[in-house]
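Enquirer: What follows is a protein structure lacking sequence information:
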């Protein structure tokens, strides 16, 4: 059974940085496409970033391009999201997603999900 555990959320001022981490356990990490979604209060969950099994394909939402960087460390079974130049509109619960079905997480309706970590950006 796949388990995803996020960490690294918190409160930061606008313009600051945070790094989120998502650890996968229970299965072979390198077999999984992975990514990040977020959900702000009163809004639907939205795609943030995705990375392929080997890391060779990376995708970002337009709203975070140039500010966020997704990466993964297969040796540590962990994915990261480095978030720089944070804005108040980045405030949301950030969720880690993974699937082993050979499609990127933003194209799949069959992802595993973490429990989420809160990111709050103050103005």
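Expert: That came through fine. As the structure is a prediction and not an experimental result, all values here were calculated from the model. Numbers count the residues shown, from 1 in each chain.

Enquirer: residues touching residue 64, list them.
Expert: Counting by Cβ atoms under 8 Å, 6 or more residues apart in numbering, residue 64 touches 48-49, 83, 90. Where you see a C-beta, it was placed from the backbone N, CA and C, and this is true even at glycine.

Enquirer: swap in residue 86?
Expert: 12, 14-18, 67, 119, 121.

Enquirer: cool, and residue 50?
Expert: By Cβ under 8 Å, 6+ apart, the neighbours of residue 50 are 33-36, 58-59, 70, 104-106.

Enquirer: and the residue lying closest to it once chain neighbours are set aside, how many neighbours does it have?
Expert: Distances taken as Cβ to Cβ, 6 or more residues apart in numbering put residue 35 closest to residue 50, at 3.4 Å, once the chain neighbours are dropped. Per other Cβ atoms under 10 Å, the neighbour tally for residue 35 reads 28.

Enquirer: ok, now residue 41?
Expert: Neighbour number of residue 41 under other Cβ under 10 Å is 7.

Enquirer: cool, residue 1 as well?
Expert: Count around residue 1 with other Cβ under 10 Å applied: 6.

Enquirer: Now for it: which residues touch it?
Expert: 26-27.

Enquirer: Distance-wise, check it relative to residue 79.
Expert: 18 Å (Cβ to Cβ, to the nearest Å).
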